[in-house]
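Engineer: show me how the following folds:
(chains A and B)
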Protein chains: 2
Amino acid sequence: LKRAGIIGGGAWGTALAQAAAEAGLETILWAMEPEVATAINSTHENSVFLAGVPLNENITATNEMADLKSCDFILMVCPAQFMRPVAKNLVKAISNGGVDGTPLVICSKGIEKTTGLLMSEVLAETVPNSPVAVLSGPTFAHEVAKGLPAAVTMAAEDLELAKALSLAIGRPAFRPYWTTDVIGAQIGGAIKNVLAIACGIIHGLDYGENARAALITRGLSEMVRFSDLKGGQHDTLMGLCGLGDLMLTCSSTQSRNMSLGSALGQGKTLEEIMAGRKTVAEGYHSAQIVYEIAKQANLDTPIIYAIYQILYEGRNVDESINDILNRPFAAETF
Amino acid sequence: LKRAGIIGGGAWGTALAQAAAEAGLETILWAMEPEVATAINSTHENSVFLAGVPLNENITATNEMADLKSCDFILMVCPAQFMRPVAKNLVKAISNGGVDGTPLVICSKGIEKTTGLLMSEVLAETVPNSPVAVLSGPTFAHEVAKGLPAAVTMAAEDLELAKALSLAIGRPAFRPYWTTDVIGAQIGGAIKNVLAIACGIIHGLDYGENARAALITRGLSEMVRFSDLKGGQHDTLMGLCGLGDLMLTCSSTQSRNMSLGSALGQGKTLEEIMAGRKTVAEGYHSAQIVYEIAKQANLDTPIIYAIYQILYEGRNVDESINDILNRPFAAETF
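Structural biologist: From the prediction side, this is the model:
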């Protein structure tokens, strides 16, 4: 595996291009925006989405998906809701001996809202002949781009593929740990933003560090139940893609999801909060589909239910928390 | 279960006495220091170890262990290294129909240094006829004492005992989750301080949030291996007593273990750090016995080994980290 393709010129796509190039791979980054490709090729900086980080000169940017034809594997870093159309375009662009069989590595986090499908399930429908892998973990893009140490989960049903991808993109400052649990590896990224809103609420209410740690731990158990439903394994959720990513997302009070929760905890209404923002936090959107899936399967996921009710049914925050704290005591199982 | 005894008048013992009294239990707190007992009985405040928190008036303090004779269960909150002598004294003090058969709840965290035994193993030797439980989780004492929400693991081999203790001491602001895994429930508390030193080093080196989340996640996998060795279950380590407690301990840069690590990460020598401190962080002590147990069993616990080498063999911090980051890539297993 010598040539890496990256689809998506946002902060994370650019950081992954940097990681691939620093690992010695020839790296082609497809960006939707012409100005991103131009900036990277001319100044070796993504001044639009990752300003201030000098990029490796072995990164070539393009707006033409066909330029990814020669890649040995392609990292899919488009927003989750665009995975289906992007994958279809990719097939068209590089179909002659290209994407059929080229491993695709899912680096986007989320569930397709219209279908409730995980990204691997979307690719199974759109690019059925390509082996699929998942790269996920606790990774702020700018830290990875700067070369600070990070570790991620690399999942593929075919263990040899997971190993080969890990060896290709890994280096001391970017350590992949492999697994065959493709499903479990996607659950953390799909749910963490909803739990980060809950964590923000606890923070906004000044409930303290004990409550925060309890919320994240019990939130992880909701992740595990969700993963059980989809067919993932418990141990995977204990890993970088599960607990690791959840912890990172719940650690930064500046993050959009936590700050949304924090404002709710401080007693602001959703309307008041939205009035001051241009876009809504991702967790707001994912709360709906995550709730629907959990509800339909009758999962024991009280935090997810509470966040849905607060966001979509105007439920009072204090009442929701009261309900959670007053649940009957129970076993610490998953 | 109507009457709770508490052994240990430090911050955590006092906070647990508060929790028990707030749950409606008649609560007797044994403190070694006469001034602690006097202060609690006369002013309803532990001005020595938990100043500023008004205590429930149903807490009675004493310096006489014999006063615990009538208790239905006793929380053992003495320092781990004193569990053996304290338990022996307890037997003597209340032996006539007392401690034999009275459930003892281990609330101390640590491994007996001279033997490598867990607290439950120490009690099995000293008080073989008393059923033993473990209460452990992410709990800063002052938050619990103030009534802020917290959740803990309550473990007992006898599930009915774990349930009964949970119902006795639980309330909405202090939620126990029960399990029968007494061994697994003790591992987190025994190892977390060693990992907190490692987390401090990462912090002192300004390695960023990704590295911190990776360290805690990989640290959890070392906890799991240690637990496997002792006979604990994986899921227990995913819970409040494992991950939850680890996360809390690794979240407070003011904590003694993290600040020790942080100073090491900033390039100070252990001698320089010790010169400015009256007592050493707990993780320094536990690193030795944890290392010895892991080493003897040939466990794959690189973070624990690295911390031991830095603290006890004068190993260079940068070299240790370099070794860890340069390990061969591997499966994300436990």
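Engineer: and for the nearest residue to residue A:172 once chain neighbours are set aside, the neighbour number?
Structural biologist: Nearest residue to residue A:172 in three dimensions, chain neighbours excluded: residue B:325, at 3.9 Å (C-beta to C-beta, 6 or more residues apart in numbering or on different chains). (C-beta placed from N, C-alpha, C; glycine too.) Taking other C-beta atoms under 10 Å in any protein chain shown as the neighbour definition, residue B:325 ends up with a count of 15.
Engineer: how about residue B:325, what does it touch?
Structural biologist: Shown here is residue B:325, whose contacts under the criterion C-beta atoms under 8 Å, 6 or more residues apart in numbering or on different chains are A:149, A:172-173, A:175.
Engineer: quick one: buried ones out of those residues?
Structural biologist: If you count burial by 16 or more other C-beta atoms under 10 Å in any protein chain shown, the buried members of the contacts of residue B:325 come out as A:149, A:173, A:175.
Engineer: quick one: contacts of the helix or strand hosting the last one?
Structural biologist: So the one you mean is residue A:175. Assigned by DSSP states H and E, residue A:175 falls within strand A:174-179. Contact with strand A:174-179 is made by A:19, A:22-23, A:135, A:144, A:149-156, A:159, A:162-163, A:165-166, A:169-170, A:185, A:236, A:239-240, B:214, B:325, B:329-333, as judged by C-beta under 8 Å, 6+ apart.
Engineer: quick one: which of those residues sit in helices?
Structural biologist: Counting by DSSP state H, the members of the contacts of strand A:174-179 that fall within helices are A:19, A:22, A:144, A:159, A:162-163, A:165-166, A:169, A:185, A:236, B:214, B:325.
Engineer: got the contact list for the residue of the stretch 1-150 of chain A at minimum distance from chain B?
Structural biologist: Minimum separation of the stretch 1-150 of chain A from chain B (C-beta to the nearest C-beta) falls at residue A:138, amounting to 3.4 Å. For residue A:138, the residues meeting the contact criterion (C-beta under 8 Å, 6+ apart) are A:150-152, A:240, A:244-245, A:247-249, B:209-210, B:213-214, B:217.
Engineer: all strands for chain A, in order.
Structural biologist: Secondary structure of chain A (DSSP state E): strands at A:3-7, A:26-30, A:59-62, A:73-76, A:104-106, A:132-136, A:150-156, A:174-179, A:330-331.
Engineer: what about the closest residue to residue A:315 other than its chain neighbours, neighbour count?
Structural biologist: Among residues not flanking residue A:315 along the chain, residue A:309 sits closest, at 3.8 Å (C-beta to C-beta, 6+ apart). For residue A:309, the number of neighbouring residues by other C-beta under 10 Å comes to 18.
Engineer: doesn't residue A:319 make contact with residue A:309?
Structural biologist: No - Residue A:309 lies out of contact with residue A:319 (C-beta atoms under 8 Å); the separation is 9.1 Å.
Engineer: now do the contacts for the residue nearest to the spatial centre of chain A.
Structural biologist: When chain A is reduced to its mean C-alpha position, the closest residue under C-alpha atoms, centre = their mean turns out to be residue A:109, at 2.7 Å. The contact partners of residue A:109, taken as C-beta under 8 Å, 6+ apart, are A:80, A:136, A:186, A:189-190, A:192, A:245.
Engineer: again, but for residue A:131
Structural biologist: If a contact means C-beta under 8 Å, 6+ apart, then residue A:131 has A:101, A:103-104, A:156-158, A:161 as its contacts.
Engineer: if we go to 7 Å?
Structural biologist: A:103, A:156, A:158, A:161 (C-beta atoms under 7 Å, 6 or more residues apart in numbering or on different chains).
Engineer: need phi/psi at it.
Structural biologist: Backbone dihedrals for residue A:131, given as degrees, to the nearest 10, come out at phi -70, psi 140.
Engineer: give me the pLDDT value at it.
Structural biologist: According to the prediction, residue A:131 has pLDDT 95.
Engineer: what do you get for residue A:127?
Structural biologist: 91.
Engineer: name the nearest residue to it, sequence neighbours excluded.
Structural biologist: Nearest residue to residue A:127, sequence neighbours excluded (C-beta to C-beta, 6+ apart): residue A:87, at 5.3 Å.
Engineer: which parts of the stretch 151-300 of chain A sit against chain B?
Structural biologist: Of all the residues in the stretch 151-300 of chain A, those in contact range of chain B (C-beta under 7 Å from any C-beta of the partner chain) are A:151, A:153, A:166-167, A:170, A:172-173, A:175-179, A:207-211, A:213-214, A:216-218, A:220, A:234-235, A:238-240, A:243-244, A:247-248, A:251-252.
Engineer: residues contacting the residue nearest to residue A:216 when sequence neighbours are not counted?
Structural biologist: Closest residue to residue A:216 apart from its sequence neighbours, by C-beta to C-beta, 6+ apart: residue A:250 at 5.3 Å. Applying C-beta under 7 Å, 6+ apart, one finds that residue A:250 lies in contact with A:195-196, A:199, A:216, A:258.
Engineer: any idea which of these is closest to residue B:227?
Structural biologist: For the contacts of residue A:250, the closest approach to residue B:227 (C-beta to C-beta) belongs to residue A:216, at 19.8 Å.
Engineer: distance-wise, check the closest one relative to residue B:138.
Structural biologist: To residue B:138, residue A:216 is 9 Å away according to C-beta to C-beta, to the nearest Å.
Engineer: again, but for residue A:321
Structural biologist: In this structure, residue A:321 and residue B:138 are 18 Å apart, going by C-beta to C-beta.
Engineer: just residue A:171 next, same as before
Structural biologist: Residue A:171 is 34 Å from residue B:138, where distance means C-beta to C-beta.
Engineer: what of residue A:152?
Structural biologist: In this structure, residue A:152 and residue B:138 are separated by 26 Å, where distance is defined by C-beta to C-beta.
Engineer: then residue A:41?
Structural biologist: From residue A:41 to residue B:138 the distance is 49 Å (C-beta to C-beta).
Engineer: equivalent analysis for residue A:198, please.
Structural biologist: To residue B:138, residue A:198 is 16 Å away according to C-beta to C-beta.
Engineer: OK, contacts around residue A:39?
Structural biologist: Counting by C-beta under 7 Å, 6+ apart, residue A:39 makes contact with A:45-48.
Engineer: now swap in residue A:122 and tell me
Structural biologist: By C-beta under 7 Å, 6+ apart, the residues touching residue A:122 are A:83-84, A:87, A:112.
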